[in-house]
Each structure stands twice: as structure tokens, then as C-alpha cells.
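# From the sequence below, what's the structure:
(chains A and B)
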Amino acid sequence: MTENNTIVRFTLNERIQHLLAIIAFIMLFVSGFALKYSDNAIGKWLIHLLGGMENRSTVHYLGGILLIVIGLYHILYLFVTSRGRDQFHRLLFRAADWKAIRASFFNLFSFRRPAIAHGRFTTRQKLQFWLVVGGSLSMGVSGLLIWFHDETMSLFSKWFWDFLFVLHSHGAMLVFLVIVIWHMYDVHLREAFPMDNSWLNGRFSLERLKAEHPLEYEELLASGQIEDKEDEK
Amino acid sequence: MKSKFILLILLFSPSFVFSQNQIRKCIICHQKPNIHKVMATGIERSVYVDKKVLKNSVHRNLKCQDCHVDVTSIPHQGLKIGRVNCARCHFNGNNLGAPNSPMYQQFWESVHGKKFKADDPGAPRCQTCHGGHNVFKPSDSRSTVYKKNVPATCGRCHKKELKDYSGSIHGVAILQKGILNVPVCTDCHGKHDVYSSNMSASHTSKQNVPDTCSSCHDNYSLMRKFKLTTEQVHTYTGSFHGIALRFGEKTVANCASCHGTHNIRKQDDPASSINPVNIPKTCGQCHKGANKNFAKGKIHLNPENKDSGLVYYISNFFFWLTTLTMLALFAHILLDLRRKLKEKKEEKETHK
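Residues are numbered from 1 along each chain as shown, chains lettered A, B, ... in the order given. Next up, the predicted model:
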């Protein structure tokens, strides 16, 4: 498992899921914000770039389908495979996470991050995961209902569709903030500028593992999957 | 004194006599009410001239021959007399007293001009709309092209359109109530520049309809007179229909798709296409399976307006949620960045 003092943090399957999700998100954000901001120059430019309104819709629909397919696959992955089940358990919020959140609020202006030993996923990473899950779910459901507008308006009403449209449009902005800004800063820019290569090759250095995920490090050490490199010296 | 007066009259009379001389000669015959000519087709056509009307028209200072150039002698038996050609004076750049405007050229490119060039017998000439001897300025209520008279003038050929228009909110306002601030045919279709609606240059083409309607409906002071808002324009341009239309989509709804064209009526009128009862049919033109639920909620929806109900509150809620999330996120990132920079500094110092 270890190689050049790195471990495999994400399997190939997981990396492909992540990559496809990135593609779906880019398709959705570009074609969606093109419509949301169609009254200004950037929106206009994006719509022309996408080849007009009809192509914009097609790109958005395709992105939506891709995200839904990946979402469904991911749910299967989390519950059917043993690796997935293990990861899912590690993604759940525990008492330690609530403590971590409290600690971070009490130490907002301190020059040091509160010393909290994280496991496989830090509290911030768990929060990001669940926000993406919630965001994708609400975007997916509202998006499908907006897509099939004739049926939605016949079954419910015009104002319900308007409500969904506002929800979808504003919700997308929130999801964008969380995924693109927070996730990018937190897992890519902060720890490994310009990015954490583990999303490409899956590998994560033991040095960083010990510093950022000490509980996981100890766990792997105990199970004998890695050896303490300080012992080697 | 008396002799001086007679002299004065004698001095000025030649011009007076000569200028009216030609009209006087022609009018001897043409003032008879039953005077007519027999066309080649066998149809009798009146050639009666109402002297009073002619003397008040914009052409009162012209002689008959100035327009009827074929008449070279009187009586004119055996002479072939053609149609009057208005373009002898009415061309852009003339110094003959006729108005100078690109409208003459516009006519030839219009749907009427093109049909006229193609020898369509139904195509209108200048005289068809402006009249022959009864040409007045458009601002003169006697004119056939005076705003209030335009529907009747166009309606001589466009009968169905006139019927629909007469019952519409615009038609009732001008024809029955005499309100001149409402559009007549020419305000939407253009005057000399009237094109078929499927031509992109037309004021009533799919892409241009919103601009044509908003030339009045986006005018705040005008709309206030009728207790209407200008919001309809902005809510449409911000809607999916409006955005798609701006980017060249031709299948989306414009104003006329829902409100109708000549038969635009108030929402509470049972015959209106936007009456809630008729909404399923109106929306159903494009949206298959449209039913009465389509009428539940506002069509021209402005999420920033309290009238929008739940949508207004949701929209406001999200505005604050997004703003606060953004602030919290940026604060978090900046505070954390401060830590990171300090960590790096310390790291460097320990390495030294």
C-alpha cells in the first residue's frame, strides 16, 4: 500500500466518480449561470459560446442527467460495496465533530487551529460532503420538475413552478459557493497549493496524513498497513 | 378713390383669374354629381369632384393638370388618361413643397409596394389610403389618415382585422371613447414601412413584437393615465420566454402569443385570451396538457414584488441566506488564511 511514503487515499473508481461530478457541475454551472445572468455581458457571452438558448438548455439537461446518474451510482457505491459502506460510516457526524465545530467557533480569531485530532475525514470535509449531497438532491428534484414544466404546472400550479424556479436559481448559487469556493480553498489551495494531487493519482503523503488525519494514521499503523517512517530512520 | 380701387383689382386680377382658370374649366363638367366614366371592364366609375373639398385640401394651390398630366386639352375625349403619379412631386429631396422624407422609398419596400409592383389589383396606391382630391394633413381630422380614421381606412381592405380591432381594448378606446393615446393599425404595423409579420424587418415580427408593444407599455407617464404599470415589460424580458426570444428563439411566446393581436382585451373580459377561463387554451397552444392550474399564480411575476406571495418571501429568504453564507465563508477563509500564513512563517523560522 505504501509507496514513496504515500498511501492510496482515493481508489480509481472514486476518482472517476469525482471527475465525472466535476464535469457535470461545470456543465450545469456554466449553462445555468448563463441563463441566470443573461441580462449582463458575461451571460450573453456564455450563451453565444454555448451556441444559443437551445444548446444552452441541452447542455444543462445533459449535465443534469450526468449528475443524477453519478448520484445514483454513488448511493449504490456507498451501500453495496464494503469500501463504500466503510467510507459512509466515516462520513457520518459524530460527537467529536460537534465538539470540533464548537471549538472552531470559540477560537475564531486565534492564530492557531484548535488542536482536534481528525480521522479519515475532517469535520469540514464531512460538512462539504453533506452540503453537496443536500444541494445535489434539491437541485436534482427541483431541476427535474422545472424541466417537465408542462406536467408540473398541470399537476400543481404556475406559482409552484415559479417557486421551484426561484429555489433552483438561488439554491444553485449556494451550492456554487460551497463547492467551488469553500471546497476549493479548504482541500486544494490551503494544504497543497495549487491543488491536492490525490484527486488525480489518489495518493496522499504519510507526512500530511499524520498531520491532518492523525486518527486515521494511527489506525493504519495499528492495523499494520503502514509503517512509521520515523521508526525506519 | 374708387378709381384707384378698380385699378388695384385690375392689376391683380390676371393672376387670380389665370390660376383658377383651369380648375374652373374642368369643374364645369366634374362638379356634376352623376358624372362618371365607363372603365374597360364595363364598370362605371364616378369622376365627380367636390369643389369644396378640393379647395380645402393640401393641394388647393395646384392646378388639375399638375396631377392629371394626361389631360392636355379640354374637352378630353379620345385622350387616354392614366392614374395620377404622386411621385412626380413626392420624392425625397424635392423642392416642390411636398414633404421630404424616406417614406416614399419605404413604400416600395413594404408589403403594399411589393404587391403593387407585382401588379396585384388589390394592392393599395397612395390614393387608396390618402384619398384623391380629399388629401389633408394627417393631423387634420378630415384626413383619411387622421389617427381616429386610420382603422376605417385600413379596414376597407382588412375587414376581419377591423372587426377584431373594433372590439378590442384599443379599438373601443379610440373608436367609441375617442381616446387618442391608444394604438391604431399604423402604430404597430408602421405606416409606409408596413411589412409582412414573418419578415424580420417588420414591427410585428416575432422578435420585434415586445419592442413594438413596449414603445407604449414601457412609458410610465402614458401607462399611468390608464392606471396600468410598466412592470409587464420587465417581467416579460426577465422571464424565460423573454430571454429566449432575445437570443433568437422563434418558438417562444411573445406578447401577442398570449394577449392576441387585433383582439387584445382586458383580462376580466370573458372573450379575452388571458381570462383565467381561457388560459388553458391560450397556454395550450404551446404547452401540451395545459389546464386550469396554469392560471393559478401570476404570469407576469416579479419575485421582488410583494404581490408575488410565497415566491417573494422565498426569493428574499435566499437573498439573505446567500449573502450571509457568502460573508461567513469569506470571513472563515480570511481568518483561516491568517493562521496559515503564520504557520508558514513559523515553519520557515524552524527550518533556518
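
# what's the following helix or strand after the helix or strand hosting residue B:28?
Here residue B:28 sits within helix B:2-30, counting by DSSP states H and E. Downstream of helix B:2-30, the first helix or strand assigned by DSSP H and E is strand B:36-38.

# which secondary structure elements does that next one contact?
Secondary-structure packing of strand B:36-38 (3 or more CB pairs under 8 Å, 6 or more residues apart in numbering or on different chains; DSSP states H and E): strand B:44-46. Every residue, glycine included, has its C-beta placed from N, CA and C.

# Contacts for the strand it packs on, please.
The contact list for strand B:44-46 (CB atoms under 8 Å, 6 or more residues apart in numbering or on different chains) reads B:34, B:35, B:36, B:37, B:38, B:39.

# Give me the distance from stretch A:165-175 to the chain's centre.
17 Å (CA atoms, centre = their mean, to the nearest Å).

# what does that stretch contact?
Contacts to stretch A:165-175, defined as CB under 8 Å, 6+ apart, come from residues A:28-29, A:32-33, A:36, A:131-132, A:135-136, A:138-139, A:142-143, A:146, B:303, B:311, B:314-315, B:318-319, B:321-322, B:325.

# Please, a ChimeraX command that selects the buried ones among those residues?
In ChimeraX, this line selects whichever of those come out buried by 16 or more other CB atoms under 10 Å in any protein chain shown:
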select /A:28,29,32,33,36,131,132,135,136,138,139,142,143,146 /B:303,311,314,315,318,322,325
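
# Keep only those of the contacts of stretch A:165-175 that are in strands.
Under the assignment DSSP state E, those contribute nothing to strands.

# can you pull the pLDDT of the residue positioned nearest the centre of chain B?
Nearest to the mean C-alpha position of chain B, by CA atoms, centre = their mean, lies residue B:187 at 1.9 Å. pLDDT recorded at residue B:187 is 94.

# ditto for residue B:4
Looking at residue B:4, its pLDDT stands at 67.

# do you know how far the residue of chain B found nearest chain A is from residue B:239?
Going by CB to the nearest CB, chain A is nearest to residue B:297 of chain B, at 2.9 Å. Distance, residue B:297 to residue B:239, by CB to CB, to the nearest Å: 13 Å.

# just residue A:93 next, same as before
Applying CB to CB, the value for residue A:93 to residue B:239 is 41 Å.

# ok, those two, which is more surrounded?
Taking other CB atoms under 10 Å in any protein chain shown, residue A:93 and residue B:239 do not tie; residue B:239 has more neighbours (19 against 13).

# ok now do the more buried one, which residues does it touch?
Counting by CB under 8 Å, 6+ apart, residue B:239 touches B:300, B:301.

# Need the pLDDT of it.
Note for residue B:239: predicted pLDDT of 92.

# One more: the one 3 residues further on?
Taken from the predicted model, the pLDDT recorded for residue B:242 is 94.

# and the residue of chain A found nearest chain B, how many neighbours does it have?
Per CB to the nearest CB, residue A:159 is where chain A lies closest to chain B, at 2.9 Å. Using other CB under 10 Å, residue A:159 has 18 other residues around it.

# How about it: what's its closest non-neighbour residue?
residue B:297 (2.9 Å; CB to CB, 6 or more residues apart in numbering or on different chains).

# residues from chain A in reach of chain B?
Within chain A, the positions near chain B by CB under 8 Å from any CB of the partner chain are A:35, A:38-39, A:47, A:52-54, A:108-113, A:149-151, A:153-163, A:166-167, A:170-171, A:173-174, A:177-178, A:181-182, A:185, A:190.

# List buried residues within these.
Among the residues of chain A next to chain B, those classed as buried by 16+ other CB under 10 Å are A:35, A:38, A:47, A:53, A:150, A:153-154, A:156-163, A:166-167, A:170-171, A:173-174, A:177-178, A:182, A:185, A:190.

# pLDDT, neighbour count and distance to residue B:254 added to the contacts of strand B:44-46, as TSV?
Below are those laid out as TSV (pLDDT from 0 to 100; neighbours: other CB atoms under 10 Å in any protein chain shown; distance: CB to CB, whole Å):
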residue	pLDDT	neighbour count	distance to residue B:254
B:34	86	6	52
B:35	87	12	51
B:36	86	13	48
B:37	84	10	48
B:38	83	9	50
B:39	80	9	44
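
# dump the residue contacts of residue 125.
Going with chain A. With contact taken as CB under 8 Å, 6+ apart, residue A:125 is in contact with A:186, A:187.

# wait, I meant chain B there
Residue B:125 makes contact with B:83, B:86, B:116, according to CB under 8 Å, 6+ apart.

# cool, residue B:80 as well?
Taking CB under 8 Å, 6+ apart, we find residue B:80 in contact with residue B:70.

# Now do the SS call for it.
Using DSSP: H, G, I helix; E, B strand; the rest coil, the structure places residue B:80 in coil.

# need the longest helix for the chain.
Using chain A. The single longest helix within chain A, with elements called by DSSP state H, is helix A:53-80.

# Switch to chain B, please.
Identified as the longest helix of chain B according to DSSP H is helix B:310-351.

# how about low-confidence regions in the chain?
All of this refers to chain A. A:1-2, A:229-233 (pLDDT under 70).

# that's the wrong chain, I wanted chain B
Chain B contains residues with pLDDT under 70 at B:1-24.

# 50 - rerun?
Within chain B, the stretches with pLDDT under 50 are B:14-20.

# picking up where we left off before, does the longest helix of chain B reach chain A?
Yes. Applying CB under 8 Å from any CB, one finds helix B:310-351 touching chain A at B:310-311, B:314-315, B:318-319, B:321-322, B:325-326, B:329, B:332-333, B:335-340, B:342.
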